[in-house]
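**Student:** Any chance you could fold what I've pasted below:
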Amino acid sequence: MNIRKKIIWNFSVVTIVLVGITLVFIYMLFYDYRKEEFQQQQQDKILTTLNFLREIREIDEKLIGTMDRVSIDEYYNEKILIFDANQRLIYSSIERSQITFTQNILSELSQEVDKVELKEGKFEILGIKIVSKGLVYYGISKAHDLAGFHYLDYLRFIFSFTFIVISVIIILMSHFLSKRITDPIVSLTKQIKDFNFEVKFNPIVTAGSKNEVAIMGQRFNELMQRMNEAFSFQKNAVQHISHELKTPIAVLVSNFERIEQESDLEKIKYLIKNQKEDTENLSKIINSLMEISKTESGSIPKLTKIRVDELIFDLAEEFGVLHPEFHFSIEYAETIEDEQKLTVPANLRLLKAALSNLMINCIQYSDDYKAKINIIPRAKLLQLEFINKGPVINEDEKKYIYQHYFRGKNSQGKRGFGLGLVFIRKILRMHQGEVVYSNEDLISNKFTITLPLS
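**Tutor:** Okay, here's the model as predicted:
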């Protein structure tokens, strides 16, 4: 049984049963009230008749009987018997209705019992003991409460009709409310059931924004988003590592083999130094690969406002310690008073890796141990130029510089894996930026990068 049917069944049954119990309870209260009221009427009639007999003795008994036939029989079909203390009959109304248990009632009343109630078919019998002015009398009334039972029948009909109508309304309302309540759950369940983990992640849609179903859908989307990102990250990381690191690792292994075969101590020290540099470069490549894999898996990198000129100065200072013979000349194209023109939203680790690679290229491919960095603010962009004098990339090689493991003729004798520009371009494009190479004077290499200010 699905949740909708459970709601309909449980709500309908409980509500209908409660309505039925309420109506039955009201009916029973009215039934008891009718009985008490009718008995009170019988008792009042007995007392009235007795008082009438005692106060108007001169009126002929037949006249009283005739009055009783008219008034009593017409309304109640009633027979009244009144006895004195010796249980002798002193008054009797109409004779066609007999009281079967007269002697039994009188016997009970004489035993310190003030009231006796009996039922005979549709008639109700009431016997009472009356003490008036020191004299004891016994009165017995037998009557049919025609009006009272008529009202009970009418009330039973009204309650039955009301119960049926309310039951139908409850069932219809249960169906409507259960549909309204469970539709979001059914929709969410169907979307989860039909969710395809093999295709691109599409968030499930839930109606409403604050109820429990919407929150559950939102949490499911967050869970699936994280799973999708983790899966994509794993997939991209494996792909990058297997593709990007194959050659660098092969180079490292080859270098170790050369070290094993070398017997000259100075040569071994030189090879170990180179191996250390290659290992550090490989570590940087792995870190960049991890960041790139996160981004390609759909995980949005954490962006912060970064003052690019300050980052460049920090990097230049770091490289000044590692390469004290090299000098970076950092110049602004114009006087800049608004620091927002130098601030870009970026992932600090990725942007630092890209700028570091460009500055390392300047160090490795410079003939005069110096490089120039121009900072040029534009309307909506920040432009950076990295310029160094040295061997340039010829026209035939320019189209290959962003391919994996490509190393131009100007890189002969230089250490590296041919992945630096590949990572630089990927990182900049992740930030909606670009990198362009040019060598207009044929003696200088210039890399121009652009980054959006917002």
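**Student:** Now do the strands in the stretch 301-450 of the chain.
**Tutor:** Counting by DSSP state E, counting those that start in this stretch, one finds strands in the stretch 301-450 of the chain at the ranges 304-307, 327-332, 343-346, 370-377, 381-389, 434-438, 444-452.
**Student:** Please list the residues outside stretch 306-313 that contact it.
**Tutor:** For stretch 306-313, contacts defined as CB atoms under 8 Å, 6 or more residues apart in numbering pick out 330, 332, 339, 342-346, 348, 351-352, 355, 373, 375, 382, 384, 451. (C-beta placed from N, C-alpha, C; glycine too.)
**Student:** Please look at Leu126 and Gln42 and confirm they touch.
**Tutor:** Yes - under the criterion of CB atoms under 8 Å, Leu126 makes contact with Gln42 at 4.5 Å.
**Student:** tell me the contacts of Gly390?
**Tutor:** Tyr365, Ser366, Asp367, Asn410, Ile443, Ser444, Asn445.
**Student:** Please tell me how far it sits from Asp368.
**Tutor:** Distance, Gly390 to Asp368, using CB to CB, to the nearest Å: 8 Å.
**Student:** in the stretch 301-450 of the chain, which spans are helices?
**Tutor:** 308-322, 348-364, 395-398, 420-430 (DSSP state H, counting those that start in this stretch).
**Student:** Nearest approach to Val165 belongs to which of those?
**Tutor:** When the helices of the stretch 301-450 of the chain are compared by CB to CB, helix 420-430 sits nearest Val165, at 68.0 Å.
**Student:** Residue ranges in the stretch 251-400 of the chain under the pLDDT threshold?
**Tutor:** 284, 288-301 (pLDDT under 70).
**Student:** contacting residues for Arg378?
**Tutor:** Arg378 sits in contact with Thr450, where contact means CB under 8 Å, 6+ apart.
**Student:** For the closest residue in space to Ile424 that isn't next to it in sequence, list the residues it contacts.
**Tutor:** Nearest residue to Ile424 in three dimensions, chain neighbours excluded: Ala354, at 4.7 Å (CB to CB, 6 or more residues apart in numbering). Ala354 is in contact with Phe423, Ile424, Ile427, Leu428, Ile449, counting by CB under 8 Å, 6+ apart.
**Student:** Can you add neighbour count and give these back as CSV?
**Tutor:** Converted to CSV, those look like this (neighbours: other CB atoms under 10 Å):
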residue, neighbour count
Phe423, 20
Ile424, 23
Ile427, 27
Leu428, 20
Ile449, 23
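**Student:** how far away is Ala250 from Gln383?
**Tutor:** 38 Å.
**Student:** With neighbour numbers in mind, choose between the two.
**Tutor:** Legend: neighbour count by other CB atoms under 10 Å for Ala250 and Gln383, higher for Gln383 (15 against 11).
**Student:** returning to what we had before: filter the contacts of Gly390 to the buried ones?
**Tutor:** Tyr365, Ser366, Asn410, Ser444, Asn445 (16 or more other CB atoms under 10 Å).
**Student:** which one of the residues you listed sits closest to Leu146?
**Tutor:** Asn445 (119.4 Å).
**Student:** chain center to the helix or strand hosting Gln41, what's the gap?
**Tutor:** Assigned by DSSP states H and E, Gln41 falls within helix 3-55. Centroid separation for helix 3-55 versus its chain: 48 Å, with CA atoms, centre = their mean, to the nearest Å.
**Student:** Looking at that helix now, give me its mean pLDDT.
**Tutor:** Averaging pLDDT along helix 3-55 gives 83.
**Student:** got it, and stretch 436-444?
**Tutor:** Here the average pLDDT along stretch 436-444 is 84.
**Student:** Buried residues in it, which are they?
**Tutor:** Neighbour-count burial for stretch 436-444 [16+ other CB under 10 Å]: Tyr437, Asn439, Ser444.
**Student:** List the contacts of that stretch.
**Tutor:** Under the contact criterion CB under 8 Å, 6+ apart, stretch 436-444 has outside partners 387-390, 392-393, 398, 401, 445-449.
**Student:** What is the distance between it and the centre of its chain?
**Tutor:** Relative to the chain's own centre, stretch 436-444 is displaced by 59 Å; criterion: CA atoms, centre = their mean.
**Student:** Tabulate the CA atom coordinates of the strand or helix carrying Ile90 in CSV.
**Tutor:** Here Ile90, judged by DSSP H and E, is contained in strand 89-92. Extracted in CSV, the C-alpha atoms of strand 89-92 (Å, rounded to 0.1, in the frame of the first residue of the first chain):
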residue,chain,number,x,y,z
LEU,A,89,-57.8,0.9,43.9
ILE,A,90,-59.3,4.3,44.3
TYR,A,91,-59.0,5.5,40.8
SER,A,92,-58.6,4.0,37.3
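**Student:** before we move on, the earlier item: okay, the strands of the stretch 301-450 of the chain in a markdown table with distance to Val19 next?
**Tutor:** Listed next are the strands of the stretch 301-450 of the chain as a markdown table, based on distance: least, CB to CB, whole Å:
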| stretch | distance to Val19 |
| --- | --- |
| strand 304-307 | 64 |
| strand 327-332 | 85 |
| strand 343-346 | 64 |
| strand 370-377 | 78 |
| strand 381-389 | 74 |
| strand 434-438 | 75 |
| strand 444-452 | 68 |
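**Student:** give me the beta-bridge partners of Cys385?
**Tutor:** One thing to correct before we go on: residue 385 is Glu, not Cys. Taking DSSP bridges as the rule, Glu385 bridges to Asn374, Thr448.
**Student:** count of neighbours near it?
**Tutor:** The burial count for Glu385: 17, using other CB under 10 Å.
**Student:** Would you mind measuring from it to Cys362?
**Tutor:** Taking CB to CB as the measure, Glu385 falls 11 Å from Cys362.
**Student:** Is Val113 in a helix, a strand, or coil?
**Tutor:** The three-state label given to Val113 by DSSP: H, G, I helix; E, B strand; the rest coil is coil.
**Student:** quick one: it and Gln103, what's the gap?
**Tutor:** In terms of CB to CB, Val113 sits 14 Å off from Gln103.
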